[in-house]
Each structure stands twice: as C-alpha cells, then as structure tokens.
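> structure, please.
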Amino acid sequence: MTPANTGKSMRSLIRVRKRSLTIAGHSTSLSLEDEFWQDLSAIARGRNLSLSALVGTIDAKRQGNLSSALRLFVRDCYRRGELGPSMRE
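Coordinates of the predicted model:
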C-alpha cells in the first residue's frame, strides 16, 4: 500500500533510529533510518564482523559525516552485489 492510499505522508513512514556504538574505544551515537541499520547488520553478518567493527572500518576511511558515509557504504554494497533484498532477513 502506498502513502497515497493510506493517507500517510512518506515522511511518517520513514523511521530514523538513534543507536549508540563503541568505535575505536569511544562511544558515539548515530541516527539512521531502520532500513540502513538492517542493511548494515546484514553486511556485518556476511563479513563475520560485529556492527561496531564494520562501522569502525567505515569511520576510519570516511570523509565528512559518519551517517552519510554509512548510507553511501550500503549503496555501494548494493551496487557491487554484496547486498540484495534476500540478505536483509
């Protein structure tokens, strides 16, 4: 069902979650949409890493905002075929 059919705006369907992770020995909080958290978790599982370890490797290479870097990383995993719809479960 689309937002137009339910009377809800797209903004109300997008759920942003804030999570705390320890990266390189420091606690940090990140805000990402649920779908990105799910995808990052699937990628971490596929690489036999903890979510914190995966985010730490991305953090070490990033330029700019960490939340944006995580979104771009997930997009690149889809483009490379490392992540697909069936891997989310």
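> going forward, measure contacts and count neighbours with C-alpha atoms only.
Will do.
> wait, a helix at S31?
No. S31 is assigned strand when assessed by DSSP: H, G, I helix; E, B strand; the rest coil, not a helix.
> so it bridges to which residues?
Note on S31: beta-bridge partners by DSSP bridges are K18.
> nearest residue to the residue nearest to the spatial centre of the chain in space, ignoring adjacent ones along the chain?
Centroid check for the chain by CA atoms, centre = their mean gives F36 as the closest residue, at 2.9 Å. Once flanking residues are discounted, F36 sits nearest to R71: 6.7 Å by CA to CA, 6 or more residues apart in numbering.
> which other helices and strands does the longest helix anywhere in the chain contact?
What stands out as the longest helix in the chain, according to DSSP state H, is helix 66-80. In terms of contacts (3 or more CA pairs under 8 Å, 6 or more residues apart in numbering; DSSP states H and E), helix 66-80 is packed against strand 26-33, helix 34-46, helix 51-61.
> so what touches the longest one?
Taking CA atoms under 8 Å, 6 or more residues apart in numbering as the criterion, the residues outside helix 34-46 that touch it are 14-17, 50-51, 54, 70-71, 74, 82-83, 87-89.
> quick one: which of these is the most crowded by neighbours?
Among the contacts of helix 34-46, L70 has the most neighbours (other CA atoms under 10 Å), with 21 neighbours.
> out of the helices and strands packed on helix 66-80, which is closest to Y78?
Closest of the helices and strands packed on helix 66-80 to Y78 is helix 34-46, at 9.5 Å (criterion: CA to CA).
> buried sites along that closest one?
F36, W37, D39, L40, S41, A42, I43, A44 (16 or more other CA atoms under 10 Å).
> now that helix: mean pLDDT?
In this model, helix 34-46 has a mean pLDDT of 95.
> tell me what angle that helix forms with helix 51-61.
100 degrees (axes from the mean of the first three to the mean of the last three CA atoms, to 10 degrees).
> stretch 53-70: how far from the chain's middle?
In terms of CA atoms, centre = their mean, to the nearest Å, the centre of stretch 53-70 is set 11 Å apart from its chain centre.
> still on that earlier bit, now the two most distant members of the buried residues of helix 34-46.
Those two in the buried residues of helix 34-46 that are separated most widely, counting by CA to CA, are F36 and A44, at 12.1 Å.
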